[in-house]
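[1] dropping the sequence and predicted coords here.
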Amino acid sequence: MGIKREFNFDAEEQQKFNEYIENKMKKKLQPSQDEDFLYTWNLWIDEANDDGGFADVLNSHISSKRPVNFKQPDCVKIEIYESIAGRIPIIIIGNDDDFEQFIVNVAYGGVRPDNIQQQGASFLAGKKNRFIVLSEKPYSNIPAEWMRLSYGDWRKKSMILRRAHECTHYYTRRYYGTADNNLHDELMADFFGLYAAFKEYKAKWFLHFMGVDGENKNGRLSLYVKNLPNKVAEAIGETAVYCAKFLEKWSLSKEFIEMSDSERVDFLCELGIVGMLEKSE
């Protein structure tokens, strides 16, 4: 693997790099069919349709301990989405302040974290329930102008991107037993998110989101290389470039076009970062 020879690692750095890029998704599992919770969500959706209020349903059943004073209750929606990992309840909250307050109340026990403004989605799961919450915030805090889109169009595509992103994490969690904040997971989730939103994938988009293109100084890569030595973190950034360029080329291939959605995810899960690097040479 040529890229490994480009870094002047000491023994400890080399070990940390190897551990980071090691594939955790080598074997596909058979998930249990534990979707009984969907029956309850369908009842809640019927309740909202009968009474005319998804926001009220959330306050009654999800955020009952800390109800949200929604500024725009009409911009709240609940749907059962048919994802590649199976059906999953998705809550879409169109007002950014409402989204943040709902996440604070439900996921953080009412305590507002410092980085809540950077958060645009959340996957919440317990033993008997699981659901995804999405905002329409510009994805990765990238302005619409950079994407060459109108503000409204970018918000809509950001929601589609996040939905596919989170559903990819859901798939790896169910079928491979893991969904971590690392480069492999984010390469895949952003790949399928971008493809869902734009019907194409461009490496420059992902690399800008990550902040390894020299333009975006507030990219997300720092979230996925915490506690790594600086030299290893820089190597992971360069690794992201190789992998993203491979993904762009792969997305145009006959192999990709002929695959089903689940086959595409399985392929990247089992390929791993090392496999992407090898195919990028």
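    Happy to help now that I have it. The structure presented is a predicted model; accordingly, all values stated were derived computationally and were not measured.
[2] you'd agree residue 219 is up against residue 225?
    No - counting by C-beta atoms under 8 Å, residue 219 sits too far from residue 225 to count as a contact (11.0 Å). For the C-beta atoms, the positions are set from N, CA and C on the backbone; glycine is no exception.
[3] and the residue nearest to residue 109 when sequence neighbours are not counted, what does it touch?
    Once flanking residues are discounted, residue 109 sits nearest to residue 66: 7.9 Å by C-beta to C-beta, 6 or more residues apart in numbering. Shown in contact with residue 66 (C-beta atoms under 8 Å, 6 or more residues apart in numbering): 105, 106, 109, 110.
[4] nearest to residue 43 among the residues you listed?
    Distance ranking of the contacts of residue 66 against residue 43, using C-beta to C-beta, places residue 106 first at 19.1 Å.
[5] mind listing residues that contact stretch 216-231?
    Contacts of stretch 216-231 with the rest of the structure, by C-beta under 8 Å, 6+ apart, involve 7-9, 12-13, 16, 20, 140-142, 181-183, 186, 208-212, 232-233, 236-237, 240.
[6] now list the buried members of those.
    Among the contacts of stretch 216-231, those classed as buried by 16 or more other C-beta atoms under 10 Å are 9, 13, 16, 20, 140, 142, 182-183, 186, 208-212, 232-233, 236-237, 240.
[7] tell me the centre residue of the protein?
    Centroid-nearest residue in the chain, with C-alpha atoms, centre = their mean: residue 165, separated by 3.5 Å.
[8] which of the contacts of stretch 216-231 fall within helices?
    Judged by DSSP state H, the subset of the contacts of stretch 216-231 located in helices is 12-13, 16, 20, 183, 186, 208-210, 232-233, 236-237, 240.
[9] next one: residue 169 from residue 69, what distance?
    According to C-beta to C-beta, to the nearest Å, residue 169 and residue 69 sit 30 Å apart.
[10] the more surrounded of the two?
    Set residue 169 next to residue 69 and count neighbours by other C-beta atoms under 10 Å: residue 169 wins out with 22 against 10.
[11] what kind of secondary structure is the nearest residue to the more buried one once chain neighbours are set aside in?
    Distances taken as C-beta to C-beta, 6+ apart put residue 179 closest to residue 169, at 4.2 Å, once the chain neighbours are dropped. Each residue gets one of three states, and residue 179 gets coil by DSSP: H, G, I helix; E, B strand; the rest coil.
[12] could you give the number of residues near residue 179?
    Residues near residue 179, counting by other C-beta under 10 Å: 20.
[13] kindly report the same for residue 19.
    The tally of other residues near residue 19 (other C-beta under 10 Å) stands at 10.
[14] so who does it touch?
    With contacts defined as C-beta under 8 Å, 6+ apart, residue 19 is in contact with no residue.
[15] could you check the pLDDT of it?
    The model reports residue 19 with a pLDDT of 94.
[16] now do residue 255 against residue 279, distance only.
    11 Å.
[17] so between those two, which is more surrounded?
    residue 279 (14 against 11).
[18] what about the helices in this structure?
    Per DSSP H, the chain carries helices over the ranges 11-21, 37-51, 54-61, 96-107, 144-147, 151-176, 183-198, 203-210, 221-224, 230-251, 254-258, 261-280.
[19] quick one: average pLDDT of the longest one?
    When pLDDT is averaged along helix 151-176, the result is 96.
[20] walk me through the domains of the protein.
    Following automatic domain parsing, one finds the domains of the chain at 1-24+181-281, 26-179.
[21] which one is residue 31 nearest to, not counting chain neighbours?
    Leaving out its chain neighbours, residue 31 is closest to residue 174 (C-beta to C-beta, 6+ apart), at 4.3 Å.
[22] and residue 180, by the same measure?
    Distance criterion C-beta to C-beta, 6+ apart; nearest residue to residue 180, sequence neighbours excluded, is residue 24 at 7.0 Å.
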